[in-house]
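[1] fold the following, please.
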Amino acid sequence: MARRSSRYLSAFPRSGVGTRLCFEKLLAEVLRPFIRELLLVDAGTLIGYALAEDCSNLEDIIASCGECITSGGQLRFGGCAAASCEWGRAPAVAIELELHHASLTTYFRVVLAPDFIEIELHGLVFPGPAPDSVEAWRRFQAALSQTSRPGEDGAVQNAPASAIPIIRRIM
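    As a prediction, the model looks like this:
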């Protein structure tokens with residue numbers, strides 16, 4: 001993760017448009033096609049690569065799945081993945097990701113489990129001084145709309161709500 005500096009936004013307001021949950025919901029909407037692609041990868045393969053710390057194969061999978069929403073490798077593997085495999089419990093995989101845009105870099109984690117998918121935002125890094133939460137929200141929306149690959153009609157395609165069973169965030 002990036003070194004914390006004056007350009008790093010990690011403190012989100014508790015209410016209003018700039019809350020962490022607002023950012024995570026928007027990020028989840030943009031990531032829907034990527035998540036659908038990632039869910040096509042064999043779970044045992046992802047778990048094996050995560051446990052073996054096989055970063056090169058995880059990078060390839062993320063780059064391949066990320067092509068459906070971004071171009072030019074803007075969605076990248078963050079260098080860390082973990083899997084939990086306990087007796088009597090379903091396995092889960094957590095993958096650290098980065099979304100790079102000229103106006104900001106987003107650091108987040110995607111957790112894939114049989115009964116939920118979680119998007120957890122870690123922080124945003126801006127060139128220059130960190131903006132206030134309203135300006136950060138505006139820049140974040142603009143960056144995601146520019147990052148997302150448009151559909152045939154020019155609008156960002158959104159999957160139906162049933163495509164991802166539950167997106168939740170653990171506090």
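
[2] so residue 32 is in which element?
    Using DSSP states H and E, residue 32 sits in helix 20-38.

[3] which helices and strands sit right next to that helix?
    Counting contacts by 3 or more Cβ pairs under 8 Å, 6 or more residues apart in numbering; DSSP states H and E, helix 20-38 packs against helix 55-66, strand 104-112, strand 117-125, helix 133-147. Bear in mind the C-beta positions are built from the backbone N, C-alpha and C, glycine included.

[4] buried residues in it?
    For helix 20-38, burial by neighbour count (16 or more other Cβ atoms under 10 Å) applies to 20, 22-24, 26-35, 37-38.

[5] which element follows that helix toward the C-terminus?
    helix 43-51.

[6] and which of the buried residues of helix 20-38 is nearest residue 79?
    residue 38 (17.0 Å; Cβ to Cβ).

[7] what's the distance between the closest residue to that closest one other than its chain neighbours and residue 123?
    Nearest in space to residue 38, with sequence neighbours left out and distances taken as Cβ to Cβ, 6 or more residues apart in numbering, is residue 65 at 4.7 Å. Remark: distance between residue 65 and residue 123 (Cβ to Cβ, to the nearest Å) = 23 Å.

[8] one more: residue 77?
    Note on residue 77: its distance to residue 123, by Cβ to Cβ, is 17 Å.

[9] now do residue 89
    30 Å.

[10] so between these two, which is more surrounded?
    The neighbour count for residue 89 versus residue 123, taken as other Cβ atoms under 10 Å, is higher for residue 123 (19 against 10).

[11] so who does the most centrally placed residue in the chain touch?
    The chain has residue 108 as the residue nearest its centroid, 5.1 Å off, counting by Cα atoms, centre = their mean. Going by Cβ atoms under 8 Å, 6 or more residues apart in numbering, residue 108 touches 24, 27, 96-99, 119-122.

[12] low pLDDT regions in the chain?
    Applying pLDDT under 70 to the chain flags residues 1-18, 148-171.

[13] mind doing that once more with 90?
    1-22, 68-73, 85-86, 88-90, 102-103, 122-137, 145-171 (pLDDT under 90).

[14] so residue 94 sits in a strand?
    Yes - judged by DSSP: H, G, I helix; E, B strand; the rest coil, residue 94 forms part of a strand.

[15] and it, how close does it get to residue 143?
    Using Cβ to Cβ, residue 94 is found at 24 Å from residue 143.

[16] for the residue nearest to the centre of the chain, give the beta-bridge partners.
    As for beta bridges, residue 108 partners with residue 97, residue 121 under DSSP bridges.
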